[in-house]
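# Sequence plus predicted model, see below.
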Amino acid sequence: DAGVTQSPTHLIKTRGQQVTLRCSPKSGHDTVSWYQQALGQGPQFIFQYYEEEERQRGNFPDRFSGHQFPNYSSELNVNALLLGDSALYLCASSLVGDTMNTEAFFGQGTRLTVV
Amino acid sequence: GENVEQHPSTLSVQEGDSAVIKCTYSDSASNYFPWYKQELGKRPQLIIDIRSNVGEKKDQRIAVTLNKTAKHFSLHITETQPEDSAVYFCAASRSNFGNEKLTFGTGTRLTIIP
């Protein structure tokens, strides 16, 4: 089991550009959450996708959007990049439900640098 | 919205001594409190968690305590080893099993001095 896989691992973009980050969930998981982790800070929740729909959203502007595919993989899109969007973007997968073994499992992240 | 505060931001302890990291949360509806360990350049890894119906949980050298009335929870690491050096994050969630939004603290950089 490869766990949660994210691509690319590193990315450099210019201010104003758009970026797409990708995530494949852990085998058996059906829910994907995205987090932004600025340097020296804790991860901040962006949104969560389940059944191809946004289920929950944190305090991020509409420039941040996402998508979930039928195979449960997900994309995070950020438009009109700002210097402040530079961060480690983490994907976490989980299983919907109120039972054991549904907790979040994180990927290694994509390091985005906006110049 | 939920706010989680974490202290201290840095902590250095001698190998073999104990380390304690404390967190407070604001949302009384929070039910699930995980702790993650993040080594440099690696993903956050769940090391222990506790739910609101439990006051304490232990796993070998690691323990977590929860005081729901005071809205604070703590991580205790005993007999620390060099491999315990990392950044530790606490988090809180309204879900019972951490499969919904997690609100994280700002992290504690723990350094174990050989």
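Structure received.

# Return the residues in contact with residue B:46.
Contacts for residue B:46 (C-beta atoms under 8 Å, 6 or more residues apart in numbering or on different chains) come out as A:103-105, B:34-36, B:98. All C-beta atoms are positioned from the backbone trio N, CA, C, and that covers glycine.

# Out of the residues you listed, name the ones that lie in strands.
With strands taken from DSSP state E, the overlap with these comprises A:105, B:34-36.

# Name the surrounding residues that touch the helix or strand hosting residue A:34.
Counting by DSSP states H and E, the element that carries residue A:34 is strand A:31-37. With contact meaning C-beta under 8 Å, 6+ apart, strand A:31-37 is reached by A:23, A:25, A:43-50, A:55, A:60, A:66, A:68, A:72-74, A:76, A:85, A:87-96, A:104, A:109, B:99, B:101-102.

# Return the set of residues that bridge with the residue nearest to the spatial centre of chain A.
Geometric centre of chain A, nearest residue: residue A:34, 2.9 Å, by C-alpha atoms, centre = their mean. When bridges are assigned using DSSP bridges, the partners listed for residue A:34 are residue A:47, residue A:91.

# cool, and residue B:73?
With DSSP bridges as the criterion, residue B:73 is bridged to residue B:23, residue B:66.

# any idea of the pLDDT on residue 106?
By default, I'm working from chain A. As predicted, residue A:106 sits at a pLDDT of 95.

# try again with chain B
As predicted, residue B:106 sits at a pLDDT of 96.

# Likewise for residue A:102?
67.

# from the contacts of residue B:46, which single one is nearest residue B:8?
Distances from residue B:8 to the contacts of residue B:46, taken as C-beta to C-beta, are shortest for residue B:35 (15.0 Å).

# Tell me, how many residues neighbour that closest one?
Applying the criterion other C-beta atoms under 10 Å in any protein chain shown, we find 24 residues in the vicinity of residue B:35.

# tell me the contacts of it?
Applying C-beta under 8 Å, 6+ apart to residue B:35 gives the contacts B:46-49, B:62, B:64, B:75, B:88-91.

# Now restrict these to buried residues only.
B:47-49, B:62, B:64, B:75, B:88-91 (16 or more other C-beta atoms under 10 Å in any protein chain shown).

# Distance to residue B:16 for the ones in strands among the contacts of residue B:46 - can I get that in CSV?
Converted to CSV, these look like this (distance: C-beta to C-beta, whole Å):
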residue, distance to residue B:16
A:105, 32
B:34, 26
B:35, 21
B:36, 24
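
# are any of the contacts of residue B:46 buried, and which?
For the contacts of residue B:46, a burial check counting by 16+ other C-beta under 10 Å picks out A:103-105, B:34-36, B:98.
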